[in-house]
Structure formats: C-alpha cells, structure tokens
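*Asks:* got a predicted structure plus its sequence, pasted below:
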Protein chains: 2
Amino acid sequence: VGVEGVRLVEAALGSGLPVEAILLSPAGRRHLARLEGSIRPNAKMLHTSDRLFAWIADTHSPQGIAALVRPKTFTIETLVSGVALTVVLVGVQDPGNVGTLVRAAEAFGATGVATCSTGALGSANPLLPKALRASAGSALRIPIVHGLAAGVLLAQLRAAGLKLFAAVRDAGAESGMDDSEPRREAVACLRPWEADWKSPAALVIGNEGAGLPAEIVRMADACVSIPQAGASSSEGVESLNAAMAGTVLLYEVMRQRGGA
Amino acid sequence: VGVEGVRLVEAALGSGLPVEAILLSPAGRRHLARLEGSIRPNAKMLHTSDRLFAWIADTHSPQGIAALVRPKTFTIETLVSGVALTVVLVGVQDPGNVGTLVRAAEAFGATGVATCSTGALGSANPLLPKALRASAGSALRIPIVHGLAAGVLLAQLRAAGLKLFAAVRDAGAESGMDDSEPRREAVACLRPWEADWKSPAALVIGNEGAGLPAEIVRMADACVSIPQAGASSSEGVESLNAAMAGTVLLYEVMRQRGGA
C-alpha cells in the first residue's frame, strides 16, 4: 500500500510493517532529517522529480515523500484477543468516516476493526489514501480485517463470546425514517451508559444514510443510541454523523473500562 | 449570509431566521416540492441560469438552490441562559472542525457557542459556507457569538458564574510537546468523567495544532483531558483531532446531565 506525506511515512516507519521502498523528490529531501534514525540503512530509496511526484501523488500539495508498505494480514482471532472491543463497520462508505473511526478505535483501545459489506454495500477500504490520512496512520497499526460479509463476521464474533451492540440513531431524530427501522421492537435499545461494555464486545456501526440493515440489528444483543437535544421535536436536529457517533460510543467503552 | 444546497436551505427555512431571498436555477426546481409549505408565499424568488448558479456557487456540484438569510446577533447573556453549557472555541481555524463542533454543541444541548480569537489567531467563522455545511445547519439555530477575544469572554463567563474547563491533550500523547504546556502544574487536570459538569460550565477548546495558550489555561478552573490508548508510549498515537475530542467532551456533559 502506498503512503504519502511525511506524517504518514513516519507512521509507516514506526508501525513495524515492512517498508518496501521510499519514494523521494527533491522537495521531499527536507523531511529526511525528521525521519533519520527510523529509516533502515538498507532501505530502498527511489528518486523522482517534483513534477513526476506531483503526478503520482494523490494529495493537492504533495510533500515529495512517500513509502510503499506491505500491510499485515489479520485473522478474525486477532480482532478479539483479550477483553475484546471489536469495531465492526457495515457499509460505511465515506473513506473519511472510516479513517476517523479507525483513529478513534485505536485511541480508545479497541482490539481491532472489521470493515464489512452487507448485500451490495461495502465499507471503504481503510488502507486507501483518503481513509489512511483521516486515520492519521492508525490504519497501519491497529488490526483490521477488510471485506468480509457482516453477517458471517458477526456470527463468528458471537461464537467467540462477544456481546454485539448495534449503534442506531436516536429515535426522535429520524424524522420520517422510522419505516426503515422496524427493529427496535425486537431488540432492547439502551443509552450508551446503560449498556455494559466491560465484557468482550463488538460495536456495530452502519451506513451513513441508511444505518444498519434490519437483519444485522436483529443479530445484536442490544441497540445503543445516543440521545440528542431537539431529537424529539419534529424539525429535528440532523443527528451526529457516523464518525462522531462512533467516536462517542468508543469513548463510553473506554470510560467504563476505567480509562485507556 | 448565503446558504446553498437543499438541506441547508431547508435548515434555514426551519430556523425561523428571516430569509431575504431564494435563488433558484432550472436544476434547482426539482427541490421545490420538498420545501413547499416552508417557503412563505411572499418570499422573494430570484431566478438564474444553471451556469450562472454554478459560477456563484461554492460547492463542486451545486444543487441549483440557495437562500440569503439574515443571521441573528446574540449577546454573551444569551450564551449562558439556564444551566449554561457554553462551548468556547479559541483559534480553531479549520472551518470543518468549527462546523462539526457547532453540530455537536447543538446535539448535546449546549446553550451557545463562542468562536473566539487569541492574539493574532482567530477561529473560523461558523456561518461561512464550509463551516455551515459541516454543522449541517446547526450554526443557523444555536446562539453563536463570533470574533471576541477569548480572555475578555472567559472573564465575563466566569463573572456569570460558569466554571471554566480547558480541554488539553492527554499528557502522554504529546510526544515532545510538553514545552508548550507548562500549565498543568498550576491547574488541576481531570479526566472527563472526574469533572463535575452539572453546574453551569464553559468548555474551552484550542487550536488544532498548538492547543490552548498557557494564559487561557491559567484562567480555567480545571483542565480536562481524554485518556488515550498508547498515549504513554513514546511512539504515541496521534491524539484525537479537535472536533472528535470536543464531541466526546460534550457527550460527557450530556451524560452527566442525564440525557438530552
């Protein structure tokens, strides 16, 4: 996977992942001092012109330095080691949201992240440039399994002893969206601090617009929703976005587990 | 202030603010059905071509509908009514972060937001397009005071009986940044759930890179920092960004106050 910009290259070098090559343009040389010590002496350095680099680069103002990193492959078992907190993204499509959630997952001590698909709806790949940037490099460090079908994964997590919590929107906030969520009758719906996060758990987060499919919510042990001001009025505040809501829920787990 | 796109126009019409005109291109007509009922019969409609609209518009794929809205002006008193929760942004420069924090402030029941400057460093204006979009329209609804000097505002909030909480980074996470934060000796530093948010309070959030200036932190009654995994290791996870950290703290206040 390609990793661009001095901060991400630094994160890649610090992650312990095998760095296959470092790509450098003249403009990128000034960053080398910062990275000295973390570049192995036998690292393969590829030199390029600033123009060629800009052409290859994915960012608007490229910094002239990039690295080619071989990501680790993780099994489902690695996601659930210890007192598991597995973050399961189900059709989260925006790379920025996926990256932010991976960053929050690492910050709040999650054991791993699964970026799953449901039906035809996939989650964005956390190792592609935009998501990787939004993760501030976290995607290079935390165990991630990408591309499994959500139903299959959740069945395995449950078999591994995890409680499954489905994140749903505050009831009042979904003005007119209740049709798509006939789920709440079946599964208990808790506020975040009412849920018991101290035993191994999975936090399941759905698509930005549509939320979680009903069949996924039905698999959960409980729903959690974040109460929001104005949510009961008909005008309704548009609810927190997926990344904000997920970050808040991960904080709640960390709080209940006694701090990071 | 100009407000573009069907969702923000809808938010503007629902905010109760005076809408001075609605700008419409042929492509924007299909959105009119959705807005019917909220547009007053005597509203001033300005018609334009799609090309002209695209030229005026700030977004990449304009929706052909915009509104001109007269924002309310708020006094400091309006920010602190009831059991105040005032969000004070001090030199938060990224419009996306300002918008996200305004959105979180509304969702978690804050009484108002102040977007302040410190020295030469101002906060982004929450009513300008990018911030307004990131706020999903919240900036049109929640009381906001823009452009005051942080020191002046905080002195007034304290005089109004608010406790001032300064958001600072998790100590371990600021690898090598300790020089810029000689503050912590002076002011008690709490984890979010250790702080008592039940009485009137202000949450003070600093610049994305530099955090809060020492003189602002010294004015605070306490610091709060969100513990983060890996923060004590030298490699250090880059901490949550300003918007994520602020969202989490606002959730904690809402949680302690017993839900939205």
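*Replies:* Everything's here; your move.
*Asks:* from here on, just use CA atoms for contacts and neighbour counts.
*Replies:* Noted.
*Asks:* check contacts around A:Leu46.
*Replies:* A:Ala21, A:Ile22, A:Leu23, A:Leu24 (CA atoms under 8 Å, 6 or more residues apart in numbering or on different chains).
*Asks:* ok, and which of the residues you listed reach chain B?
*Replies:* Among the contacts of A:Leu46, no residue sits close to chain B (CA under 8 Å from any CA of the partner chain).
*Asks:* neighbour-wise, which of these leads?
*Replies:* A:Leu24 (22 neighbours; other CA atoms under 10 Å in any protein chain shown).
*Asks:* got the contact list for the residue most central in space within chain A?
*Replies:* Nearest to the mean C-alpha position of chain A, counting by CA atoms, centre = their mean, stands A:Val102 at 2.8 Å. Counting by CA under 8 Å, 6+ apart, A:Val102 touches A:Val113, A:Pro126, A:Ser135, A:Ser138, A:Ala139, A:Ile142.
*Asks:* checking it next. Helix, strand or coil?
*Replies:* A:Val102 falls in the helix class when you classify it by DSSP: H, G, I helix; E, B strand; the rest coil.
*Asks:* can you check A:Arg218 too?
*Replies:* helix.
*Asks:* poorly predicted segments of chain A, please.
*Replies:* Chain A contains residues with pLDDT under 70 at A:171-186, A:230-238, A:260.
*Asks:* in a markdown table, list the contacts of A:Leu46 along with distance to B:Ala84 and secondary structure.
*Replies:* A markdown table is the format used below for these (distance: CA to CA, whole Å; DSSP: H, G, I helix; E, B strand; the rest coil):
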| residue | distance to B:Ala84 | secondary structure |
| --- | --- | --- |
| A:Ala21 | 54 | strand |
| A:Ile22 | 52 | strand |
| A:Leu23 | 53 | strand |
| A:Leu24 | 52 | strand |
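*Asks:* out of those residues, which is nearest to chain B?
*Replies:* A:Ile22 (20.4 Å; CA to the nearest CA).
*Asks:* check contacts around A:Ala110.
*Replies:* A:Ala84, A:Leu85, A:Thr86, A:Val87.
*Asks:* which phi and psi does it have?
*Replies:* Main-chain torsions, A:Ala110, degrees, to the nearest 10: phi -60, psi 150.
*Asks:* my read: A:Cys257 touches A:Asp196, true?
*Replies:* Heads up, residue A:257 is Arg, not Cys. No - using CA atoms under 8 Å, A:Arg257 is not in contact with A:Asp196; the gap is 9.7 Å.
*Asks:* for chain A, which segments count as helices?
*Replies:* A:6-14, A:32-35, A:50-56, A:76-79, A:95-107, A:129-134, A:150-159, A:214-219, A:242-256 (DSSP state H).
*Asks:* for those, which one sits closest to B:Ala120?
*Replies:* Among these, the nearest to B:Ala120 by CA to CA is helix A:6-14 (26.8 Å).
*Asks:* show me what that closest one is packed up against.
*Replies:* strand A:65-69 (3 or more CA pairs under 8 Å, 6 or more residues apart in numbering or on different chains; DSSP states H and E).
*Asks:* out of the contacts of A:Ala110, the closest to B:Pro41 would be?
*Replies:* Of the contacts of A:Ala110, the one sitting nearest to B:Pro41 (CA to CA) turns out to be A:Val87, at 49.2 Å.
*Asks:* next, count neighbours for that closest one.
*Replies:* 26.
*Asks:* measure it to chain B for me?
*Replies:* Using CA to the nearest CA, to the nearest Å, we find A:Val87 at a distance of 15 Å from chain B.
*Asks:* and that residue, what does it touch?
*Replies:* A:Ala105, A:Ala110, A:Gly112, A:Val113, A:Ala114, A:Ala202, A:Leu203, A:Val204, A:Ile205.
*Asks:* go on, A:Val92?
*Replies:* So A:Val92 contacts A:Val98, A:Thr115, A:Gly122, A:Ser123, A:Ala124, A:Ile205, A:Gly206, A:Asn207, A:Glu208 (CA under 8 Å, 6+ apart).
*Asks:* neighbour-wise, which of those residues leads?
*Replies:* Most surrounded of these: other CA under 10 Å gives A:Val98, at 28 neighbours.
*Asks:* wait, isn't it in contact with A:Pro129?
*Replies:* No - taking CA under 8 Å as the definition, A:Val98 is not a contact partner of A:Pro129, at 11.5 Å.
*Asks:* so where do the strands sit in the stretch 151-260 of chain A?
*Replies:* A:163-167, A:189-190, A:201-205, A:222-224 (DSSP state E, counting those that start in this stretch).
*Asks:* state the distance from the closest residue to A:Cys189 other than its chain neighbours to B:Ile56.
*Replies:* Computed as CA to CA, 6 or more residues apart in numbering or on different chains, the closest residue to A:Cys189 that is not its neighbour in sequence is A:Cys223, at 4.4 Å. Distance of A:Cys223 to B:Ile56, given as CA to CA, to the nearest Å: 44 Å.
*Asks:* who has more neighbours out of those two?
*Replies:* A:Cys223 (25 against 10).
*Asks:* which strand residues bridge the more buried one?
*Replies:* A:Ala166, A:Cys189 (DSSP bridges).
*Asks:* contact partners for it?
*Replies:* Each residue near A:Cys223 by CA under 8 Å, 6+ apart is listed here: A:Phe165, A:Ala166, A:Ala167, A:Val168, A:Arg184, A:Val187, A:Ala188, A:Cys189, A:Leu190, A:Val217.
*Asks:* now the contacts of A:Ala110: which count as buried?
*Replies:* A:Ala84, A:Leu85, A:Thr86, A:Val87 (16 or more other CA atoms under 10 Å in any protein chain shown).
*Asks:* isn't A:Gly211 right next to A:Ala166, touching?
*Replies:* No - counting by CA under 8 Å, A:Gly211 sits too far from A:Ala166 to count as a contact (9.9 Å).
*Asks:* compare these two and say which is more crowded by neighbours.
*Replies:* Taking other CA under 10 Å, A:Gly211 and A:Ala166 do not tie; A:Ala166 has more neighbours (27 against 20).
*Asks:* before we move on, back to that, turn the helices of chain A into CSV, including distance to B:Thr78.
*Replies:* Output for the helices of chain A, formatted as CSV (distance: least, CA to CA, whole Å):
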stretch, distance to B:Thr78
helix A:6-14, 42
helix A:32-35, 48
helix A:50-56, 49
helix A:76-79, 48
helix A:95-107, 33
helix A:129-134, 36
helix A:150-159, 47
helix A:214-219, 41
helix A:242-256, 27
